[in-house]
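*Asks:* Below are the sequence and a predicted model for it; my questions follow.
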Amino acid sequence: MGYTLEKVELNMGRLMGAVRSGNLVYTSGQVSRWGDVQIKGKVGQDLTVEQGYEGAKLCALGCIRAVHSLVGIENVVRVVKVLGMVNVSPDFTNTPGVIHGASDTFLEVFGEAGRHARSAVGMVIPDNYAVEVEAIFEVQP
């Protein structure tokens, strides 16, 4: 996909970027930023669905990087569950169209193992990021 997947420090003081429990890895919410790219604003007001979709892709990459940092991407068995949160204007309702960006990224990276259960909701996101995504991954024992 053209992105470099480097390991990052997961200890964030009060919380961890990802934790493992048994064969599951839970990521903390990853916002719509990657390197120097940040996508901020309310979808349906400041941003289009397409811009939100791109933000959701960055969030999914953040989730993948967190899992890679904890257990290695090669140990992912499947993506189990995704919660996609979209920073929305009051009348915006196409949250699934935005979070498809994360789902499509997981499918592109993991193939059929990237197919997952999902929720896509609208809310206020910290620091005005456009999107936040958290995910649960099954990993090898």
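*Replies:* Received, thanks.
*Asks:* Helices of this protein, residue ranges please.
*Replies:* Remark: helices assigned in the chain by DSSP state H are 49-71, 95-110.
*Asks:* any chance of the ones you listed in a markdown table, with mean pLDDT, distance to Leu15 and mean neighbour count too?
*Replies:* In short, each C-beta sits where N, CA and C put it, glycine included. As requested, the helices of the chain are exported to a markdown table (pLDDT from 0 to 100; distance: least, C-beta to C-beta, whole Å; neighbours: other C-beta atoms under 10 Å):
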| stretch | mean pLDDT | distance to Leu15 | mean neighbour count |
| --- | --- | --- | --- |
| helix 49-71 | 98 | 12 | 24 |
| helix 95-110 | 98 | 20 | 21 |
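*Asks:* How far does the strand ranked longest in the chain sit from its chain's centre?
*Replies:* Counting residues, the longest strand found in the chain (DSSP state E) is strand 76-87. Taking C-alpha atoms, centre = their mean, to the nearest Å, one finds strand 76-87 lying 6 Å from the centre of the chain it belongs to.
*Asks:* Can you give me the buried ones in it?
*Replies:* Across strand 76-87, burial judged by 16 or more other C-beta atoms under 10 Å covers 76, 78-80, 82-87.
*Asks:* Please put the alpha-carbon coordinates of it into PDB.
*Replies:* The C-alpha trace of strand 76-87 is given here as PDB (Å, rounded to 0.1, in the frame of the first residue of the first chain):
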ATOM      1  CA  VAL A  76      -2.500 -11.900  13.000                       C
ATOM      2  CA  VAL A  77      -5.100 -14.600  12.400                       C
ATOM      3  CA  ARG A  78      -8.000 -12.300  11.700                       C
ATOM      4  CA  VAL A  79      -9.600  -9.000  12.400                       C
ATOM      5  CA  VAL A  80     -12.600  -9.700  14.700                       C
ATOM      6  CA  LYS A  81     -14.300  -6.400  15.500                       C
ATOM      7  CA  VAL A  82     -14.000  -2.800  14.500                       C
ATOM      8  CA  LEU A  83     -15.600   0.200  16.200                       C
ATOM      9  CA  GLY A  84     -15.500   3.300  13.900                       C
ATOM     10  CA  MET A  85     -16.300   6.700  15.300                       C
ATOM     11  CA  VAL A  86     -16.800   9.700  13.100                       C
ATOM     12  CA  ASN A  87     -16.700  13.300  14.100                       C
END
